[in-house]
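Colleague: Sequence below, structure please.
(2 chains)
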Amino acid sequence: MNRQYFIDLTRKDVRVPIGVDMILHQYPDVDAILDNGERMGQVLLEAARFYNSPIVMPHMDLMLEKDHLLSLMGIPAADRPAYHFHGCPSDAMVAEFNSKIKGPLGRRMEARNDAIRYVATHSMLMPMGISIGPFSLMTKLLADPITPIFLHGSGITGEDDPEVRAVEICLDLALAVVLRAIESQLDAGAQTIIVAEPAANTVYLSPKQMKEGADIYDRFVLAPNAVMRKLVADRGAALIFHDCGALTSEMIRKLDTLRPEVFSFGSPVNLWEAADLVSKDTVLYGNLPSKRFMSDSLITVEQVKEMSRDLAARMREKNHPFMLGTECDVLCVHEHKEVIARKVEAFMSCAV
Amino acid sequence: MSIVLEQIKEQLMKGKANDVKALVQQALNENIGAAEILNKGLLGGMGVIGEKFKKNEVYVPEVLIAARAMKMGMEVLKPALAAAKVEPRGVVVIGTVKGDLHDIGKNLVGMMLEGAGFKVIDAGINVEPAKFIEMARANNASLIGASALLTTTMTNMKEVVEALKASDLAGRVKVMIGGAPVTQTFADEIGADGYAPDAASAADLARTLAA
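Modeller: Model (predicted):
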């Protein structure tokens, strides 16, 4: 899967939301579907066909890797969603993790892989995989990852400070799980992987500190993602790098060194400005403010159409490969699903 | 202002926690009043950080590191504050609403509220509406601060507002809300008393609502 494929899609005005959640929640037994790869594969294909998309967007669940990581360390299932390490994970926990990392995956991760297999064997559409990125996964393992990242940027090492050491250990654990998750999806037939790093933004990493010369973005975001990137490239797959947070120009330039085939940025980034910061052959996807779709008082159908036209025009002016889409997962908010669906339909069908 | 109070403020803004701790002790040794050390030194420094944060001159990490330094200073100052019967500006119960596990934003708001002189009771994450009310009652709070990061969970903020209105605390306790998908329009729609777009504004809003 090469980048020309995605560039060609932009020339065909292919538009697609990250919209599986909307289709999935039409069914009353969502949890049962998520546990069943065949049924999930059917939903993924239904979403792709509904949105008339040649690429089969995956369901964006960024909790699976945390759940699996903690399961390998013996944390009970009920505790995993909100679990944070207090200080460094113990040597015993890390040893248990290392002994099990190559072992079986959790039920939902296996179902995700089965869904990819289903798509690959039941359609000519492109199956995609997804994983949370190593940095963002690390931030879910600690109550406050921000302070030790800042301390590292101030010159304090893991040898000096246990909080900094905890970040380093958790980042290594996170990377191992992310690589395992991605590899298993590639083995299942995924031809493109979406890696989501929503935390690689100005909340977690200070632009001021970066400007003063701290290597925090390189150390904690780029370094582990470079390992991920190599895995994806070595397997001949494409990478869609998703980061929906607030980013500086310097952050975007640094992310570009990963050379994804596609960047997916959130609404805090102006894509026409990002076009000046990324490689000319990297597609920019997005980034309509879908987090506001749930209410007409936040954004109307007409405003969605207007924004779509404006964004498309600006990107044509930049002559940069661009695919119209959403800033992030279009979550199904039950009481507002018709309102949300109208806005997705609006950008999918409006003249640009 | 005394030199040591100015130094407390400066070192707090730089996040030098150990220096702030030592300087607060020095200030006490120099017989500077606890309230003055708190207001002019610690809260003075956090106030400057809050203003810089609003102007994007500093970011969340700088705020956290300053709050950490303030916390270290407060550990030294607390006994003196208690002895001098210095009361907090008010009590605020904060939490992330039911179904939501995100806590960075909530934690930051908590630090800024403490930096503004409030006592903060952290109800945690995935908080049921009844728990917000119960903790506000138990702690004699004047404010509830509810946070949500997802469009699917922010709808639960309405339940918090309605639970408060239906309780014996109605009229005595106010609700302010915030979080990435939240807006002033949404706050108005659900009847919240206030909305803050960021942690520094949340502290300003709390001052206004608690007045």
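
Colleague: which residues does residue 54 contact?
Modeller: With no chain named, the answer covers chain A. Going by C-beta atoms under 8 Å, 6 or more residues apart in numbering or on different chains, residue A:54 touches A:9, A:14, A:48, A:125, A:126. Placement of C-beta: from N, CA and C, glycine included.

Colleague: actually chain B
Modeller: Counting by C-beta under 8 Å, 6+ apart, the residues that residue B:54 touches are B:198, B:200, B:201.

Colleague: Would you mind measuring from it to chain A?
Modeller: Between residue B:54 and chain A the distance is 14 Å, computed by C-beta to the nearest C-beta, to the nearest Å.

Colleague: quick one: that residue from residue B:203, how far?
Modeller: Distance check for residue B:54 against residue B:203: by C-beta to C-beta, to the nearest Å, it reads 10 Å.

Colleague: Repeat that for residue A:185.
Modeller: For residue A:185, the distance to residue B:203 equals 44 Å [C-beta to C-beta].

Colleague: now residue A:270
Modeller: Using C-beta to C-beta, which is the criterion applied here, residue A:270 is 30 Å from residue B:203.

Colleague: which one of the two has more residues nearby?
Modeller: In this comparison of residue A:270 against residue B:203, neighbours counted by other C-beta atoms under 10 Å in any protein chain shown, the higher total goes to residue B:203 at 25 against 12.

Colleague: residues touching that one, list them.
Modeller: Listed by C-beta under 8 Å, 6+ apart, the contact partners of residue B:203 are B:50, B:109, B:112, B:113, B:115, B:116, B:118.

Colleague: Just the residues you listed: which are in helices?
Modeller: B:50, B:109, B:112, B:113, B:115 (DSSP state H).

Colleague: Get me the contact residues on chain B for chain A.
Modeller: Along chain B, the residues adjacent to chain A under the rule C-beta under 8 Å from any C-beta of the partner chain are B:15, B:57-62, B:64-65, B:68, B:101, B:103-104, B:107, B:125-126, B:150-152, B:155, B:180-181, B:183, B:185-186, B:189.

Colleague: Could you turn the buried ones of those residues into a ChimeraX selection?
Modeller: Entered in ChimeraX, the line below selects the buried ones among the residues of chain B next to chain A, by 16 or more other C-beta atoms under 10 Å in any protein chain shown:
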select /B:15,58,59,60,61,62,64,65,68,101,103,104,107,125,126,150,151,152,155,180,181,183,186
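
Colleague: what's next to the helix or strand hosting residue A:98, contact-wise?
Modeller: When secondary structure is defined by DSSP states H and E, residue A:98 falls within helix A:91-100. Residues from elsewhere that reach helix A:91-100, judged by C-beta under 8 Å, 6+ apart: A:69, A:72, A:73, A:74, A:89, A:169, A:173, A:176.

Colleague: same thing with stretch A:154-166?
Modeller: By C-beta under 8 Å, 6+ apart, the residues outside stretch A:154-166 that reach it are A:85, A:87-89, A:142, A:144, A:147-148, A:151-152, A:167-168, A:209, A:214.

Colleague: What is the nearest of the contacts of helix A:91-100 to chain B?
Modeller: If you rank these by distance to chain B using C-beta to the nearest C-beta, residue A:69 comes first, at 15.5 Å.

Colleague: Burial check on that closest one, number of neighbours?
Modeller: The local packing of residue A:69 (other C-beta under 10 Å) involves 28 other residues.

Colleague: Find the residue closest to it in space, skipping its chain neighbours.
Modeller: In this structure, residue A:69 finds its nearest non-sequential neighbour in residue A:177, 4.5 Å apart by C-beta to C-beta, 6 or more residues apart in numbering or on different chains.

Colleague: does whatever residue of the stretch 1-150 of chain A ends up closest to chain B sit in a helix or strand, and which one?
Modeller: With distances taken as C-beta to the nearest C-beta, the stretch 1-150 of chain A approaches chain B most closely at residue A:150, which sits 4.2 Å away. When elements are assigned from DSSP H and E, residue A:150 belongs to helix A:146-153.

Colleague: next SSE after that helix?
Modeller: Read in the C-terminal direction, the helix or strand following helix A:146-153 is helix A:162-188, with elements assigned using DSSP H and E.

Colleague: what element comes up after that following helix heading to the C-terminus?
Modeller: Scanning forward in sequence from helix A:162-188, with DSSP H and E defining helices and strands, the next element found is strand A:192-196.

Colleague: Show the average pLDDT along the helix or strand following that following strand.
Modeller: Sequence order places helix A:207-211 as the next helix or strand after strand A:192-196, per DSSP H and E. This predicted structure assigns helix A:207-211 an average pLDDT of 97.

Colleague: C-alpha coordinates for helix A:207-211, PDB please?
Modeller: As requested, the backbone C-alpha atoms of helix A:207-211 are provided in PDB (Å, rounded to 0.1, in the frame of the first residue of the first chain):
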ATOM      1  CA  PRO A 207       5.700  24.600  23.500                       C
ATOM      2  CA  LYS A 208       7.500  27.100  25.700                       C
ATOM      3  CA  GLN A 209       9.800  24.400  26.900                       C
ATOM      4  CA  MET A 210      10.300  23.100  23.400                       C
ATOM      5  CA  LYS A 211      11.200  26.500  22.200                       C
END
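
Colleague: Any idea how far it is from the middle of the chain?
Modeller: Here helix A:207-211 shows a centroid-to-chain-centroid distance of 24 Å under the convention C-alpha atoms, centre = their mean, to the nearest Å.

Colleague: list the contacts for the residue in chain B positioned nearest to chain A?
Modeller: Distances between chain B and chain A by C-beta to the nearest C-beta are smallest at residue B:61, namely 4.0 Å. Residues near residue B:61 by C-beta under 8 Å, 6+ apart: A:146, A:147, A:149, A:150, A:204, A:205, A:206, A:209.

Colleague: which residues does the residue most central in space within chain B contact?
Modeller: Among the residues of chain B, the one closest to the centroid is residue B:113, at 1.7 Å (C-alpha atoms, centre = their mean). The contact partners of residue B:113, by C-beta under 8 Å, 6+ apart, come to B:92, B:94, B:120, B:145, B:202, B:203, B:206.

Colleague: does the fourth one sit in a helix, a strand or a coil?
Modeller: Remark: residue B:145 carries the secondary structure label strand [criterion: DSSP: H, G, I helix; E, B strand; the rest coil].

Colleague: How about it: which residues does it bridge to?
Modeller: On the basis of DSSP bridges, residue B:145 is bridged to residue B:94, residue B:176.
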